[in-house]
Every structure is written in C-alpha cells, then in structure tokens.
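> pasting the sequence and the predicted coordinates here, then a few questions.
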Amino acid sequence: MISANDYAVKTSDIFVLSDSFVRIKELIDDESSTIDDIADVILLDPALAGTILKLANSSFFNYPGRIDTISKAVLVLGITEVYNLVIAFFTSKAFKKLNAEQDYLDDFWCKSVDCALIVKYVGVALNIPNAERLFILGLLHNLGELVVQQLSPEKVIASNNFSATELPWDMQRDNLGFTYGECAAELLKQWQLPFSIIEPIRHQDNDDFAYSSDEIKLLYLSKRIMLSQYDCSSHEIELLLTEDALKQLPIDQAILKGANNFCDLERLSILSILNPGAAVVY
C-alpha cells in the first residue's frame, strides 16, 4: 500500500509552489529583510499583489482604512498574515493543474473556504490571539484529497462513499491506510511550510486530546462543523462532535450558529478572490 509520504513525493513535481513563493519565503526567513524587500518581490507578480490587496481590504480583515500598497498590507496585517495570504494564492494556483472535473474542484474549495472561515470565527469568539492566522489551517486542511485524486481517483471515490453512520476519516484509513489530513501534512512538508501549519493539519483527526494544541483542537472541531453542513449533513451531530470533543474548548450553540452564519456572509467574497469559478456556484 502506498504511504501518505509516497503520494506527496510523487505529486510534489506536479503541485509546485512558484519561484516567487520560494523567494518570498527566503526573505521572510531572513531577519535582515525589510518590509520593502518583501513588498518588492510580491509586486513582481501582479496577480499575487492584486489578490493580497483584495483580501486585505475585504471584510474578512475588517481594517477600518484603505490598504492601497503591498508595503502597507505587510505593515498593517503583519508579515505572518501576508505570508499566509501568499500561501493561499500559490496553493490555489498550484492545484489548477489537477486532473479532475471542475464541479468537483469547485465543491472542494467551497468546503475548504468554509472550514477556513469557521476556524477563524471560532478562534475570534474564544479570544485566541491573532485568530486570522488560523484561516490558512482550514484552507489547506484537506489538500491530501487532491493529492490522492491526482494519482488514484478511484480511491477518492471509495473513501468518500460513506454512510450516515461512518466517519470520512475512518473510511480514508480503511481505503488508503492514512487520512487526507496526514497526506496534506506530507505535501506541506515537501513545500517546507512552517511546523505551526503542518502539525495541526496532520493531527486534525486525532481523538486523543491529551497532547493536542489549541490549534489542533480548533481545526478538529471546525472541520466537523463544516462537514455537518456538507458531506455529513445526514450524520447525527453527536457522531461528528462528541461530548468529549466539545469539552476541549468552550464552544456553545451560539458559537456554532454564528460560525455557520459567518460562512454565509463571507464565503462568496473569499471564493471570488481565491477561486472565482467556485464563487459562481453561489
């Protein structure tokens, strides 16, 4: 049986982050780099610069003034947040090469954006510091499905064919020997993304919370909230969100309802920027 790492390695030449991303990452990792150094490289890619400015001025960040330059975006949002926007842009670009039907991809990105919005909303509701940074965890959490789709589409069909009494990640383990989250983590490791992004995605389906960080718990819960509106809408909510899971963070019904309402408000604007084709669905 092919391992999650094998899938990631075999597709790492297909799903490649561009040279621009590599250069931006090098600058961010270099403590001697300035905001202008980073902005200058971003400006070399007009599509990237435009996407960052659109997202920076969206209601997602709710900045009271107008952000009209990349330098100001880096200054106002912070280097880490702009880096996350760069990751989001190049990820959506990299997977345009995927061999799959457009409807399948549109549905995938709708669910990924919803998970991203939910984890950010819940983080804010629970007063998690810098909760905007959580968005990237939700957006990338299920990239492993696309990796498997590229090499073994029949296994994706089998793994996604679950009943209302079966959990998606259990089916993934049965058919693949690993979860989509574990495969996503292996791809992100190939991309040399930060440990702080890789580990919550790797452990998002871990029911043992003894050593889970708040980020892992947030992604665990947020993904299940999202799935309750999509592929698992026929599941008993207690199967998706057990009593023990809900005890991990002080999430109540008001937060659950607010998270879904937040998705309805913000989904279209984020999709229209990151994946315009999926936005047409709504």
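Thanks, I have it. Residues are numbered from 1 along each chain as shown.

> residue 79 contacts residue 42, correct?
No - taking contacts as C-beta atoms under 8 Å, residue 79 lies outside contact range of residue 42: 11.5 Å. For the C-beta atoms, the positions are set from N, CA and C on the backbone; glycine is no exception.

> settle it for me: which of those two has more neighbours?
Taking other C-beta atoms under 10 Å, residue 79 and residue 42 do not tie; residue 42 has more neighbours (25 against 14).

> any idea how far that one is from residue 77?
12 Å (C-beta to C-beta, to the nearest Å).

> and residue 70, by the same measure?
For residue 70, the distance to residue 77 (C-beta to C-beta) stands at 10 Å.

> could you check which of the two has the larger neighbour count?
Regarding residue 70 and residue 77, a neighbour count based on other C-beta under 10 Å identifies residue 70 as having more, with 23 against 20.

> in this structure the more buried one contacts residue 50, no?
No - the pair residue 70 / residue 50 is not scored as a contact, 10.0 Å apart, by C-beta under 8 Å.

> and the nearest residue to residue 240 once chain neighbours are set aside, what element?
Spatial nearest neighbour of residue 240, chain neighbours left out: residue 224 (4.4 Å); criterion: C-beta to C-beta, 6 or more residues apart in numbering. Element membership for residue 224, per DSSP states H and E: helix 214-227.

> can you list contacts of that helix?
By C-beta atoms under 8 Å, 6 or more residues apart in numbering, the surrounding residues in contact with helix 214-227 are 111, 114-115, 118-119, 122-123, 126, 128, 134, 137-138, 141-142, 168, 196, 199-201, 203-206, 209, 212, 232, 235, 240-241, 245-246, 248-249, 251, 256, 259-260, 263.

> next secondary structure after that helix?
helix 237-240.
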